[in-house]
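Chemist: make a model of this:
(one chain, ligands or ions: 3)
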Amino acid sequence: MQGANLVGFNTNFLPTFPIFKTTQHLFCHLKQAYPTASSTFASMGNDEFTTTTTTTVRVPRVLTVAGSDSGAGAGIQADMKACAALGVYCTTVITAVTAQNTAGVQGIHTVPADFVEKQMLSVLTDIGADVVKTGMLPTVDIIRSICDVLKTYPVTALVVDPVLVATSGDELAGPAVLDVLREELLPMADLVTPNLPEASALIGGENVVNISDMREAAQAIHALGPRNVLVKGGHLPGTGGMVDVLYDGVDWHELSGSRVETHNTHGTGCTLASAIAAELAKGHPMLPAILAAKQYLADTLQQSAGLNIGRGAQGPLNHLYKLSNWGKTSTERQFKPEALLLYAVTDAAMNKRWGRSTADAVRGAIEGGATIIQIREKEAETGEFLREAEASLKVARHYGIPLLINDRIDIAMACDADGIHLGQSDLPVAQARALLGPEKIIGVSCKTPEQAEKAWKDGADYIGSGGVYPTTTKKDNKTIGLDGLREVCYGSPIPVVAIGGISTSNAGQVMQEPRPQNLKGVAVVSALFNQADVVASTQALRSVLARTVKKSSPVVPLL
Ligand SMILES: Nc1ncnc2c1ncn2[C@@H]1O[C@H](COP(=O)(O)OP(=O)(O)OP(=O)(O)O)[C@@H](O)[C@H]1O
Ligand SMILES: Cc1ncc(CO)c(N)n1
Ligand SMILES: [Mg+2]
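Modeler: Residues are numbered from 1 along each chain as shown. Ligands and ions are numbered 1, 2, ... in the order given. A predicted model of the protein is given here:
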């Protein structure tokens, strides 16, 4: 993940943005931020909210006035998805229907200005909008209609993305609209977001090809009336960093981030402008809104880099990657029950005793044939645990072996581990799933069939069951024996890994036939890590398992 860094941040900036235009608006935004607050706000004369203690949730609203992209990468479709991803309700006024895909624009059908106005009135007289964002505005009449409507129904902020040309190079609005854009719409805007060619067109055709040009262009566009100008650097030559230049009438801010190597950049401009509109609608001031939007765009670009949608040069983003992570569902990252065959659980004290780091222990176990790793850390402080987890994850990723974190969901999330292992008294599975999303692996320790059934119903991916034999690794741990293990296996259909006192001498017994079909392997600590040679100890256990679990062996090759 890379973030947007701010160069030359000026603290005078924040109060100059008129996000809270009236006291009334301030109350609205406070109410928005604290939707469960009761009638305090109402008693301050704000009749927009209920006067009883009933909770009313006021949803932040963005109205996008833009063109439809049939390929759904840019335009109205990008705007809706970006707003949805950021938790904002997005209404849509369509100015043109484009026949468009990842290769370019094949046709444009413009909506008559009076019908654009009709759509705007439908939205504004009923649902209303906190922020209006404009995109493709193909005719002078459409721009004039929008200005007229906005004069009658003013909003908290107006974000203008002066779309002239698509990423593909196709023209979306001719030079005919430039004058009315400059003279009528831009003076009403709180923010205008031209890319380099658009900045150049707005200032009369002078080239904008480097940061110094971007600064000058931003200032010249600011002189046309908008409160803030963000000149986007997506088209800057070179492969290094990405810089957008923001000018607020007083200072320039260079907002930098790293370039994501991807051809999936169709609609980045629309996405950025609507994400800014969404953050403004939530009540954030201009600069924080832009920074938050850039972070969202950077994360989305990163998450979409490997997607393969369409045959054209510029593919779309997965705006909703938090809901559906296409990059992961379609690859080997999905949990495979066979990965439980030889489950290595690290022990910090043991590693310390043998003078090895957790990452070295993990490497040894993987090289010896471990098929999944869990980092279990009972003593370390959070920062140290995270560093150990990150170093171990690097090793595990190198070998393509999943790595889970014991108990600590914060660590698992911070290092983007493959999942988490939870005990009965840890975070409930449902909450862990809500935090980690559908793709991460969640395992739960169970001693009884009832617990196993619950883990399954709550959405766990696997069960760890034991102690099968007495163990010294876990204090006060009840031994359930082989019979207890079998009962747990029959308690649910999800895969089970046996744990507790297992070594080369008894692993064969645990896995012997007849065996419940969902018993997939053994989890071990001491058998691997309380040994002088982790690789050799793991290899020894792996060959015992290979003899008993023949069918599983080919799935995870012995390294
Ligand atoms: N490959 C990339 N990696 C990181 N950030 C990018 C990349 N491409 C674009 N951006 C960022 O995306 C935003 C939009 O950039 P750009 O200048 O390409 O807008 P645009 O031409 O209006 O986009 P479009 O018309 O395709 O919607 C900018 O903040 C830019 O820095
Ligand atoms: C409809 C539409 N709006 C904006 C853009 C800018 O990318 C596009 N390609 N299509
Ligand atoms: Mg654009």
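
Chemist: kindly report the residues of the stretch 301-450 of the chain close to ligand 1.
Modeler: residue 301 (C-beta under 6 Å from any ligand atom). Quick note: C-beta positions are derived from backbone N, CA and C, even for glycine.

Chemist: residue ranges in the stretch 301-450 of the chain under the pLDDT threshold?
Modeler: Within the stretch 301-450 of the chain, the ranges that satisfy pLDDT under 70 run 325, 327-334.

Chemist: so who does the residue in it that ligand 1 sits nearest to touch?
Modeler: Ligand 1 sits closest to residue 301 of the stretch 301-450 of the chain, with a gap of 5.0 Å, by C-beta to the nearest ligand atom. Each residue near residue 301 by C-beta atoms under 8 Å, 6 or more residues apart in numbering is listed here: 260, 262, 264-265, 268, 317.

Chemist: in helices only, show me those.
Modeler: Using DSSP state H, residue 268 are the members of those that sit in helices.

Chemist: give me the buried entries from the contacts of residue 301.
Modeler: By neighbour count, with 16 or more other C-beta atoms under 10 Å, these hold 260, 264-265, 268, 317 as buried.

Chemist: which of the contacts of residue 301 lies closest to residue 162?
Modeler: Closest approach to residue 162 among these (C-beta to C-beta): residue 268, at 15.1 Å.

Chemist: excluding covalently adjacent residues, which one is nearest to that closest one?
Modeler: Nearest residue to residue 268 in three dimensions, chain neighbours excluded: residue 234, at 5.9 Å (C-beta to C-beta, 6 or more residues apart in numbering).

Chemist: measure that neighbour to residue 260 for me?
Modeler: The gap separating residue 234 from residue 260 is 11 Å, by C-beta to C-beta, to the nearest Å.

Chemist: and for residue 115?
Modeler: Residue 115 is 38 Å from residue 260, by C-beta to C-beta.

Chemist: try residue 521
Modeler: For residue 521, the distance to residue 260 equals 38 Å [C-beta to C-beta].

Chemist: pull out the buried positions in the helix or strand where the residue of the stretch 301-450 of the chain closest to ligand 1 lies.
Modeler: Assigned by DSSP states H and E, residue 301 belongs to helix 286-304. By 16+ other C-beta under 10 Å, the buried positions in helix 286-304 come out as 286-287, 289-304.

Chemist: and what of stretch 456-464?
Modeler: Neighbour-count burial for stretch 456-464 flags 456, 458, 460-464 (criterion: 16+ other C-beta under 10 Å).

Chemist: and which of those is nearest residue 392?
Modeler: Proximity of those to residue 392 (C-beta to C-beta) peaks at residue 464, which lies at 18.7 Å.

Chemist: now do the same contact list for that closest one.
Modeler: Applying C-beta under 8 Å, 6+ apart, the residues near residue 464 are 343, 421, 443-446, 496-497, 499, 523.

Chemist: assumed it was part of a helix.
Modeler: No. Using DSSP: H, G, I helix; E, B strand; the rest coil, the assignment for residue 464 is strand, not a helix.

Chemist: okay, it: pLDDT?
Modeler: We note a pLDDT of 97 for residue 464 in this prediction.

Chemist: one step back: same list, the buried residues of stretch 456-464, but as TSV with distance to ligand 1 please.
Modeler: Shown next, in TSV, are these (distance: C-beta to the nearest ligand atom, whole Å):
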residue	distance to ligand 1
456	42
458	38
460	37
461	33
462	37
463	42
464	41
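
Chemist: and the furthest pair within the residues you listed?
Modeler: 458 and 464 (14.7 Å).

Chemist: residue boundaries of the helices in the stretch 451-559 of the chain?
Modeler: Taking DSSP state H, counting those that start in this stretch as the test, the helices found in the stretch 451-559 of the chain are 481-491, 507-511, 526-529, 534-548.

Chemist: right, so of these, which gets closest to ligand 1?
Modeler: Closest to ligand 1 of these, according to C-beta to the nearest ligand atom: helix 534-548, at 40.7 Å.

Chemist: any idea which helix or strand comes after the strand or helix carrying residue 76?
Modeler: Assessed by DSSP H and E, residue 76 sits inside helix 75-85. Using DSSP H and E, the next helix or strand after helix 75-85 towards the C-terminus is strand 89-100.

Chemist: contact partners of stretch 427-445?
Modeler: 322, 325, 328-329, 333-335, 374, 402, 404, 409, 412-413, 417-424, 451, 455, 458-466, 497, 499.

Chemist: in which helix or strand does residue 147 reside?
Modeler: Element membership for residue 147 (DSSP H and E) is helix 140-152.

Chemist: next, the angle from that helix to strand 89-100.
Modeler: 180 degrees (axes from the mean of the first three to the mean of the last three C-alpha atoms, to 10 degrees).

Chemist: before we move on, the earlier item: would you mind getting the angle between the helix holding residue 76 and strand 89-100?
Modeler: 150 degrees.

Chemist: any part of helix 75-85 near ligand 2?
Modeler: Yes. Helix 75-85 reaches ligand 2 (C-beta under 6 Å from any ligand atom) through residue 75.

Chemist: does that helix reach ligand 1?
Modeler: No. Helix 75-85 lies out of reach of ligand 1 by C-beta under 6 Å from any ligand atom, never closer than 7.4 Å.

Chemist: the bottom helix or strand of the chain by mean pLDDT?
Modeler: Ranked by mean pLDDT, DSSP states H and E, the weakest helix or strand in the chain is helix 13-16, scoring a mean of 34.

Chemist: quick check: residues of the protein near ligand 2?
Modeler: Residues of the chain lying close to ligand 2 (C-beta under 6 Å from any ligand atom) are 66-67, 69, 74-75, 98, 100, 135-136, 163, 166-167, 172, 267, 269-270.

Chemist: in those residues, which has the lowest confidence score?
Modeler: Lowest pLDDT of these: residue 167, 73.

Chemist: residue contacts, that residue?
Modeler: Applying C-beta under 8 Å, 6+ apart, one finds that residue 167 lies in contact with 74, 265-269, 314.

Chemist: how many residues are close by residue 104?
Modeler: 17 (other C-beta atoms under 10 Å).

Chemist: ok, stretch 163-176 near ligand 1 or not?
Modeler: Yes. Residues of stretch 163-176 contacting ligand 1 under C-beta under 6 Å from any ligand atom: residue 167.

Chemist: kindly export the helix holding residue 76 (C-alpha atoms) in PDB.
Modeler: Only the C-alpha atoms of helix 75-85 are listed here, as PDB (Å, rounded to 0.1, in the frame of the first residue of the first chain):
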ATOM      1  CA  GLY A  75     -18.200   8.000 -15.900                       C
ATOM      2  CA  ILE A  76     -21.400   7.500 -13.900                       C
ATOM      3  CA  GLN A  77     -20.500   3.800 -13.200                       C
ATOM      4  CA  ALA A  78     -17.100   4.700 -11.700                       C
ATOM      5  CA  ASP A  79     -18.700   7.500  -9.700                       C
ATOM      6  CA  MET A  80     -21.400   5.200  -8.200                       C
ATOM      7  CA  LYS A  81     -19.000   2.500  -7.300                       C
ATOM      8  CA  ALA A  82     -16.400   4.900  -5.700                       C
ATOM      9  CA  CYS A  83     -19.100   6.500  -3.600                       C
ATOM     10  CA  ALA A  84     -20.600   3.100  -2.600                       C
ATOM     11  CA  ALA A  85     -17.100   1.900  -1.600                       C
END
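
Chemist: for the spatially most central residue of the chain, give me its contacts.
Modeler: Of all residues in the chain, the one closest to the mean position by C-alpha atoms, centre = their mean is residue 322, 4.9 Å from it. By C-beta under 8 Å, 6+ apart, the contact set of residue 322 is 85, 437.

Chemist: give me the secondary structure label for it.
Modeler: Recorded secondary structure, residue 322: coil (three-state DSSP).

Chemist: just list whatever residues bridge to residue 67.
Modeler: In this entry, residue 67 is beta-bridged to residue 96, by DSSP bridges.

Chemist: number of nearby residues for it?
Modeler: Residue 67: 29 surrounding residues under other C-beta under 10 Å.

Chemist: ok, the one 4 residues further on next?
Modeler: Per other C-beta under 10 Å, the neighbour tally for residue 71 reads 25.
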